[in-house]
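Enquirer: sequence-free structure coming up:
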């Protein structure tokens with residue numbers, strides 16, 4: 001992501017664009033394991049890229065991803081599709097910008113775009129000193145602007161409550177839940193000009209670790225293993241991940257429904273010279289299913305928590321699920337209105 005040497009002064013907002021549209025063709029490297037669809041991690045990278053472009057264009061300075069919520073993967077995107085990613089500003093605070101992003105896809109021959117994923121992101125503007133910088137106020141002008149602005153504000157209390165719940169939960173080695181842990185050093189290609197990992201890159205790591213955990217659990221029983229992400233939420237970015245850092249991505253099964261696997265993912269980083277001094281940088285919860293031959297999902301082998309910690313975390317997951325159900329999804333059709 002580009003950066004600037006200094007924050008621009010807050011000027012009249014009228015000359016600034018509050019929407020960005022990206023169009024491109026998906027690449028072979030975007031394909032998920034199994035080859036039938038685009039990986040959720042690729043979609044989340046696109047979401048972050050478009051949202052970031054929108055936020056930087058409005059703020060006129062470097063920005064960081066603070067939150068990504070309610071990423072609903074409503075349908076698979078076929079490999080080789082033409083992709084359209086629309087990002088639009090829906091609310092500004094003093095230093096923050098709320099951006100709604102919708103990802104649509106089309107067959108290359110028809111150019112008839114159908115929405116596949118919609119979510120909301122929060123970015124924070126940064127000044128030359130690295131501290132939060134003021135952004136121009138955004139004022140809704142159209143009916144869809146006003147509806148989306150109200151929706152963004154309505155989500156703040158529930159988002160804050162879910163964040164507190166997730167931070168209050170403790171994960172230790174006492175748990176016996178199925179888990180996958182990835183450990184690696186952050187390569188130069190994963191970072192922006194500020195030396196920090198792109199938010200979208202971190203979300204790709206999250207998807208890779210959670211997929212490995214879900215696919216491993218799903219093949220217990222009848223051998224099914226093609227797990228696909230249908231939801232990611234509560235993605236909070238607490239601290240940057242820098243080039244050369246040791247990164248640990250820990251994905252842990254929290255709860256299984258009849259057709260779903262709910263997985264907690266925590267990203268931590270440390271100086272590789274002090275690998276035991278890990279600090280939490282990002283966390284979220286993702287939901288995976290195993291698709292059937294029709295539009296439905298196959299039954300999931302049920303996980304029964306046995307330790308006190310696992311039982312507590314399973315109850316914690318169910319509480320988050322209940323809170324999430326109170327958040328009404330933003331219709332993709334609304335985000336694409338003028």
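Expert: The structure has been received and is ready for your questions. Here the structure is a predicted model, which is why all the values come from computation and not from measurement. Numbers count the residues shown, from 1 in each chain.
Enquirer: Quick one: residues in contact with stretch 330-338.
Expert: For stretch 330-338, the external contacting residues (C-beta atoms under 8 Å, 6 or more residues apart in numbering) are 70, 74, 86, 88, 100-102, 104, 115, 118, 120, 142-144, 147-148, 151. (C-beta placed from N, C-alpha, C; glycine too.)
Enquirer: Next, the buried residues of that stretch.
Expert: Neighbour-count burial for stretch 330-338, with 16 or more other C-beta atoms under 10 Å as criterion, is recorded at 330, 332, 335-336.
Enquirer: cool, and stretch 174-187?
Expert: Across stretch 174-187, burial judged by 16+ other C-beta under 10 Å covers 175, 177-180, 186.
Enquirer: which of the residues you listed lies closest to residue 309?
Expert: Nearest to residue 309, judged by C-beta to C-beta, of those is residue 175 at 4.5 Å.
Enquirer: For the stretch 201-338 of the chain, just list every one of the strands.
Expert: 228-237, 246-256, 261-270, 279-289 (DSSP state E, counting those that start in this stretch).
Enquirer: Any chance of these in TSV with mean neighbour count, mean pLDDT and distance to residue 42 as columns?
Expert: TSV is the format used below for the strands of the stretch 201-338 of the chain (neighbours: other C-beta atoms under 10 Å; pLDDT from 0 to 100; distance: least, C-beta to C-beta, whole Å):
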stretch	mean neighbour count	mean pLDDT	distance to residue 42
strand 228-237	22	91	11
strand 246-256	23	97	17
strand 261-270	24	97	17
strand 279-289	22	95	15
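Enquirer: Residue 137: which of those strands is closest?
Expert: Comparing those by C-beta to C-beta, strand 228-237 comes nearest, at 23.9 Å.
Enquirer: that older thread, any chance of the strands of the stretch 201-338 of the chain in TSV, plus distance to residue 31?
Expert: Shown next, in TSV, are these (distance: least, C-beta to C-beta, whole Å):
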stretch	distance to residue 31
strand 228-237	12
strand 246-256	21
strand 261-270	21
strand 279-289	17
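Enquirer: Identify the residues contacting the residue sitting nearest the centre point of the chain.
Expert: For the chain, the residue nearest the mean C-alpha position is residue 68 (4.8 Å; C-alpha atoms, centre = their mean). Applying C-beta under 8 Å, 6+ apart to residue 68 gives the contacts 44, 47-48, 119-122, 199, 203, 232, 235, 284.
Enquirer: hang on, the earlier thing: out of the contacts of stretch 330-338, which end up buried?
Expert: Buried members of the contacts of stretch 330-338, scored by 16+ other C-beta under 10 Å, are 70, 86, 88, 100-102, 104, 115, 118, 120, 144, 147-148, 151.
Enquirer: From the residues you listed, which land in helices?
Expert: Members of the buried ones among the contacts of stretch 330-338 lying in helices (criterion: DSSP state H): 144, 147-148, 151.
Enquirer: and of the buried residues of stretch 330-338, the nearest to residue 60?
Expert: Looking across these and measuring by C-beta to C-beta, the closest to residue 60 is residue 335, at 23.7 Å.
Enquirer: any weak-confidence spans in the stretch 51-200 of the chain?
Expert: 193 (pLDDT under 70).
Enquirer: if you set the cut-off to 90 instead, what comes out?
Expert: 69-70, 72, 74, 111, 128, 130, 155, 157-174, 188-196 (pLDDT under 90).
Enquirer: in it, which spans are strands?
Expert: Along the stretch 51-200 of the chain, counting by DSSP E, counting those that start in this stretch, strands occupy 63-73, 82-92, 96-106, 114-125, 179-185.
Enquirer: by how many degrees do the first one and strand 279-289 diverge?
Expert: Here strand 63-73 runs at an angle of 20 degrees relative to strand 279-289 (axes from the mean of the first three to the mean of the last three C-alpha atoms, to 10 degrees).
Enquirer: Strand 63-73 pairs with which strands, parallel or anti?
Expert: Neighbouring strands of strand 63-73 in its sheet, by DSSP bridges, are strand 114-125 (antiparallel), strand 228-237 (antiparallel).
Enquirer: And the protein, what are its domain boundaries?
Expert: If you go by automatic domain parsing, the domain ranges for the chain are 13-145, 179-325.
Enquirer: Residue 155: which of those is closest?
Expert: Closest to residue 155 of these, according to C-beta to C-beta: domain 13-145, at 6.8 Å.
Enquirer: Run the chain-centre distance for the closest one.
Expert: Distance of domain 13-145 from its chain centroid, counting by C-alpha atoms, centre = their mean, to the nearest Å, is 11 Å.
Enquirer: rewinding a little: ok, so of the buried ones among the contacts of stretch 330-338, who is nearest residue 243?
Expert: residue 101 (26.0 Å).
Enquirer: OK, contacts around the closest one?
Expert: 47, 50-51, 54, 85-87, 118-121, 335 are the contacts of residue 101 under C-beta under 8 Å, 6+ apart.
Enquirer: Residue 57 now?
Expert: 16-17, 20.
Enquirer: now the residues you listed: which count as buried?
Expert: Buried among those by 16+ other C-beta under 10 Å: residue 20.
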